[in-house]
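Mind folding the following:
(chains A and B)
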Amino acid sequence: MTDTSHAGEAEREPIDLTTCDREPIHIPGSIQPHGVLLALLEPVLRPVSVSASITAHTGLSPEAALLMPLRNWLTPDSLRRLQAALASDDLALLNPIRIELAGPAGGRAFDGILHRHDGLAMLELEPRAEADGASGVFFRTMRGAIRRLQAAAGLQDACEIAAREVRHITGFDRVKIYRFGADWCGQVIAEDRAGTIPSLLDFHFPASDIPAQSRALYTRNTVRIIPDIGYTPSPLRPDRNPLTGGPIDLSGAVLRSVSPIHLEYMVNMAVYGAMSVSIVRDGRLWGLISCHNTLPRFVSFERRQACELIAQVLTWQIGVLEEAEVIRHSVRVRTVQHRLLYELGGAADLQAGLARSGGELLALMGASGLALCGADGITAFGSTPGEAQIFELVKFLAQSGVRDAHATDRLPAEHAPAAEYAGIAAGLLAVPLGRSSQSHMLWFRPEVAQTVTWGGDPHKPVRIGPHGGRLQTRASFDAWCEAVRGRSRPWQNHEVVAAIELRDLVVDVILGKAYELERVNRQLARSNDELESFAYVASHDLKEPLRHIEAFAGLLKELLPPDAPGSEGGRLGTMVEGIEASSRRLRALINDLAEYSRIGRQARPLSPADLDAVLAEVLADLRPLIQETGASVTSQHLPEVRCDRSQIRQLLQNLVSNALKYRHPDRPPVIAVHAVDVPARPGAAGEAERGGAEPRAHVRIAIADNGIGFDDKYREQIFEPFQRLHGPDEYEGTGIGLAICRKIVQRHGGTIHATGQTGEGAVFVFTLPLRGLES
Amino acid sequence: MERDTQPPCILVAEDHNHDKFILTEVFSRAGIAADLRFVSDGEQMLDYLYRRGPFAEPGRAPTPRLVLLDLNMPRLDGRKVLRMVRADETLRHLPMIALSTSESPKHINEAYSIGINAYLIKPASIPDYVAKVSSLWKFWLETASLPATEVARP
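Numbers count the residues shown, from 1 in each chain, chains lettered A, B, ... in the order given. From the prediction side, this is the model:
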């Protein structure tokens, strides 16, 4: 893509790409020889400079042309058209002007292309191809092309249509749409080509391939053609503007000669004819429609104008479509937000809800990773740096005083440690979740070079020209990779806006959750009270009829004759026994329910109790069962806690007897009761090392067994009242024991949870306050 | 101990027909020949003891040797009846046994503090019930010496 115009005397210093951006490309002193340039002094239209190519096209020597008035070698009509054009307000509007030669070379026709620069009227002549121009067919072609462009569904579609139409109009082998990034690196985003020429689609090029002054010229002079890459430049005679005293500025000339570097680059790509049309949006060079041919190819000025028109329509379409895409994106953002809100509202917690929508969020933001980090840790989705790296990053953000959204596509340049994980997060969009600078929503994008692979054929032999191996697309790709190292695709404005909106939503959900939690808590407390009093009353009222059922069954049983099974009496006996068994079970349930409801109702004040002593009492109570099962129960030194002693005794009793009850049939029970991370006494070394200013308020007690265990998916369920994992025939019990345990622990302000593995055993861990709630 | 051939009378304050039936059955299974008289609430019990209203007719209300009292009765509650009996010079010596479903220590203590002679929790199983009633009988009617049976007439 190198397009650097040729320095007048290239041999003065060796040319390489590093000299490109210093090259005075607007004053090359020569033009391409497929046309003629005349610099005219108005109003008499006296030539002050003429290209040497005039001889080949008109038979006049440059010297003769400089001396001879135009009317001597142009037809009067041509001269009149020229003067009319120069008198009009907008020169360019009338291009091309039909110019015909009079005299010896009579009948030769040219497209005259007129512009003014530095006080000179510049007339460029290109041999006129017949049958072009105002034909109805051509007009219809253009109308169809524009209509198709306007119907494009999206940006990509529009670019593909434009490439196809330009190729149709010009007949080039390959027409590609080249788009500049924010950093002026470029990428081929659409292409239409013949099968005989390789594809350049998705190729990336460094900004240095089209240097700043080239881009400036592209912006001003939107159509450039090099019909024959192998041309010999035709010098201007003389290369001097008498009005400025300097060389003639060819910025606006269509015939301006091109840098040999650019030509060599083209040859290396096996391109011998080229044309480009600028896509200029809001005064900025958005991209190029770049045309290549494997053979020299000239395209008439009018067809070039048609391509310019295509580019113009494409530019409008880009504007419309980019806006549409932003709107579509924001609609999508809103859709996702609504669903997210719904999901988060329903989800047990924010993280689970986010996790469910994580993939969609990443797609929406064009990000590869998302991390939420707050006081309670980090929740990450997709591809993100490690926790420690994120913490470091958040610290950096806090230090740099980031208060609002911060977007960067080159994180390693701002935060050196990020160089290590640029492959994951070269781009960062950080949105603080709240006033606390420690809470952030972080979106990550990988280094762009790592997401793009070289699209060329690695086995293609590399042709090395006189300027070395750099002038290859492969080398361009490598240079581009180097240029974009440590950088990600940039964050678009609408993406930043979307991230802020998502942040607001998450914050709303968090705040809403807190409120909701409080409301539910209040409701729970109320219904809990109701349930407890209900359970208590119900258990008393239920007992009465139950006692009667049991008594009647007992009376009935004694009336039955002691018959053999199968007889009438035997069947009745079975039925009565059924009544008795059911009654016993109902009584057990009622008793447990009453006991469960009593825990909350009979709240005794907490006082210090030695857990070792409590456990010893429990083990004494359970001694018969322990002996029967051959169990070994061990305990380490347990701390003193503030508690309702009788309840804690019941808690330990329930847990130890559970461990005995659900023993494995193949091995005697082994039960270990111990305190996990026994808190250090204030002032102890461990406490100081942890940096804990406050001595911990809770102790954790674990009771582990080697019994039948349970499937871990039931870890919550087992604490619900009357939830059982086994039938009453397998193991006795009502399923209230663990519910009672949980209630006791909760009443003490602690938590209880269990982990289990079927056939392997279970571990119950509960926390108890060291100081107590009421104290 | 028996003064005549009449089986000893036991007054039972019990509001529930099922309980009356069950208690009768239990006495019978225990082989106890007792003259069980039932009243359904505290009012009726006082009527019986004072032989008024439906119990005014002679022979309708033989003097009980023992009173079995459900503490939770409709209208006049068992505890109130107990207090009234203990406050009455002519009745205060009557042995009164609580028959209750409540195992609550609070209820038990309360009953003794207002003058119950024994507190019995109604067993759920018939054999237990039979055993309890048998030992009750053995103690109160065959072991202990009871006060004189004549009750003052109003």
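
I'd assumed A:Leu91 was in contact with A:Arg116.
Yes. At 6.4 Å, A:Arg116 and A:Leu91 qualify as touching, with contact defined as CB atoms under 8 Å. Heads up, the C-betas are built off the backbone N, CA and C, glycines and all.

Specify which residue of those two has the higher count of neighbours.
A:Leu91 (18 against 14; other CB atoms under 10 Å in any protein chain shown).

Excluding residues flanking it in the chain, which one is nearest the more buried one?
A:Leu114 (5.2 Å; CB to CB, 6 or more residues apart in numbering or on different chains).

Check A:Asn221 too.
A:Gly252 (5.7 Å).

tell me which element the one you found is part of?
For A:Gly252, there is no helix or strand it lies in under DSSP states H and E.

ok, now A:Pro43?
Per DSSP H and E, there is no helix or strand for A:Pro43.

tell me the contacts of the residue of chain B found nearest chain A?
Using CB to the nearest CB, the single residue of chain B nearest to chain A is B:Ile126, 2.9 Å away. By CB atoms under 8 Å, 6 or more residues apart in numbering or on different chains, the residues touching B:Ile126 are A:Ala551, A:Gly554, A:Leu555, A:Lys557, A:Glu558, B:Ile22, B:Glu25, B:Val26, B:Arg29.

measure A:Arg108 to A:Gly427 for me?
59 Å (CB to CB, to the nearest Å).

the more surrounded of these two?
A count of neighbours by other CB under 10 Å puts A:Gly427 above the other of A:Arg108 and A:Gly427, at 26 against 15.

Need phi/psi at the more buried one.
A:Gly427 adopts backbone torsions of phi -110, psi 140, taken as degrees, to the nearest 10.

Any idea what it is bridged to?
Counting by DSSP bridges, A:Gly427 forms beta bridges with A:Arg445.

List the contacts of it.
A:407-411, A:444-446, A:487-491.

For those, which two are the farthest from each other?
A:Ala407 and A:Pro446 (15.3 Å; CB to CB).

Are the helix or strand hosting A:Ala525 and chain B in contact anywhere?
Secondary structure assignment for A:Ala525, by DSSP H and E: helix A:493-559. Yes. Helix A:493-559 lies within reach of chain B by CB under 8 Å from any CB of the partner chain, at A:540, A:543-544, A:546-548, A:550-552, A:554-555, A:557-558.

Give the rounded mean pLDDT of that helix.
The pLDDT scores in helix A:493-559 average 77.

distance between that helix and the chain's centre?
Its chain's average C-alpha position is 41 Å from that of helix A:493-559, according to CA atoms, centre = their mean, to the nearest Å.

same deal with stretch A:260-275?
The answer for stretch A:260-275 is 38 Å, by CA atoms, centre = their mean.

got the buried residues for it?
Neighbour counts over stretch A:260-275 (16 or more other CB atoms under 10 Å in any protein chain shown) mark A:260-266, A:268-269, A:271-275 as buried.

Switch these over to TSV; also include distance to chain B, pLDDT and secondary structure.
Formatted as TSV, the buried residues of stretch A:260-275 follow (distance: CB to the nearest CB, whole Å; pLDDT from 0 to 100; DSSP: H, G, I helix; E, B strand; the rest coil):
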residue	distance to chain B	pLDDT	secondary structure
A:Pro260	109	82	helix
A:Ile261	104	80	helix
A:His262	103	82	helix
A:Leu263	107	84	helix
A:Glu264	106	82	helix
A:Tyr265	101	81	helix
A:Met266	103	84	helix
A:Asn268	102	81	helix
A:Met269	100	82	coil
A:Val271	102	89	coil
A:Tyr272	108	92	coil
A:Gly273	107	94	strand
A:Ala274	103	94	strand
A:Met275	103	95	strand
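
Using CSV, please lay out those together with distance to A:Ser582.
Formatted as CSV, the buried residues of stretch A:260-275 follow (distance: CB to CB, whole Å):
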residue, distance to A:Ser582
A:Pro260, 103
A:Ile261, 99
A:His262, 97
A:Leu263, 101
A:Glu264, 99
A:Tyr265, 94
A:Met266, 96
A:Asn268, 94
A:Met269, 91
A:Val271, 94
A:Tyr272, 99
A:Gly273, 98
A:Ala274, 96
A:Met275, 95
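
At the contact with chain A, which residues of chain B appear?
Residues of chain B found near chain A (CB under 8 Å from any CB) are B:16, B:18-19, B:22, B:25, B:29, B:101-102, B:122, B:124-127, B:129.

Would you list the buried entries among those?
B:Asp19, B:Ile22, B:Glu25, B:Arg29, B:Thr101, B:Ser102, B:Lys122, B:Ala124, B:Ser125, B:Ile126, B:Tyr129.

List the contacts of A:Leu236.
Counted by CB under 8 Å, 6+ apart, A:Leu236 has contacts A:Gly29, A:Ser30, A:Ile31, A:Leu37, A:Ala39, A:Ser49, A:Val50, A:Ser51, A:Ala52, A:Ile248.

you'd agree the fifth one is in a strand?
If I follow you right, that is A:Ala39. Yes. Membership of A:Ala39 in a strand is supported by DSSP: H, G, I helix; E, B strand; the rest coil.

where's the residue nearest to it when sequence neighbours are not counted, which helix or strand?
Nearest non-adjacent residue to A:Ala39, counting by CB to CB, 6+ apart: A:Ser49, 4.1 Å away. Here A:Ser49, judged by DSSP H and E, is contained in strand A:46-51.

what about that strand, average pLDDT?
92.

after that strand, next one along is what?
helix A:54-58.

buried set for that following helix?
Quick answer for helix A:54-58 (16+ other CB under 10 Å): A:Ile54, A:Thr55, A:His57, A:Thr58.

who touches it?
By CB under 8 Å, 6+ apart, helix A:54-58 touches A:33, A:35-36, A:38, A:60-62, A:65, A:73, A:101, A:105, A:108, A:110, A:125, A:127.

and with 10 Å instead?
For helix A:54-58, the external contacting residues (CB atoms under 10 Å, 6 or more residues apart in numbering or on different chains) are A:33-38, A:47, A:50-51, A:60-66, A:73-74, A:101, A:103-105, A:108, A:110, A:125-127, A:234, A:237.

List only those of those residues flagged as buried.
A:33-38, A:47, A:50-51, A:60, A:62, A:65-66, A:73-74, A:101, A:110, A:125-126, A:234, A:237.

who touches A:Ile327 in this structure?
With CB under 10 Å, 6+ apart, A:Ile327 has these contacts: A:His494.

do A:Phe301 as well
A:35, A:95-96, A:110-113, A:124, A:126, A:128-129, A:132-133, A:223, A:225, A:254, A:308.

just the helices in the stretch 101-250 of chain A please.
Listed in chain order, the helices found in the stretch 101-250 of chain A under DSSP state H, counting those that start in this stretch are A:136-150, A:155-170, A:212-220.

Tell me where the model's unsure across the stretch 601-750 of chain A.
A:601-603, A:677-697, A:727-729 (pLDDT under 70).

Could you pull out the strands in it for me?
Assigned by DSSP state E, counting those that start in this stretch, the stretch 601-750 of chain A shows strands spanning A:607-610, A:632-635, A:640-643, A:670-676, A:698-705.

same deal with chain B?
B:9-13, B:35-39, B:66-70, B:96-100, B:118-121 (DSSP state E).

Mean pLDDT and distance to B:Lys80 for those - can I get that in CSV?
Converted to CSV, the strands of chain B look like this (pLDDT from 0 to 100; distance: least, CB to CB, whole Å):
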stretch, mean pLDDT, distance to B:Lys80
strand B:9-13, 93, 12
strand B:35-39, 93, 14
strand B:66-70, 91, 11
strand B:96-100, 92, 13
strand B:118-121, 93, 17
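
Kindly reformat these as TSV containing mean neighbour count.
Conversion of the strands of chain B to TSV gives the following (neighbours: other CB atoms under 10 Å in any protein chain shown):
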stretch	mean neighbour count
strand B:9-13	23
strand B:35-39	18
strand B:66-70	24
strand B:96-100	22
strand B:118-121	16
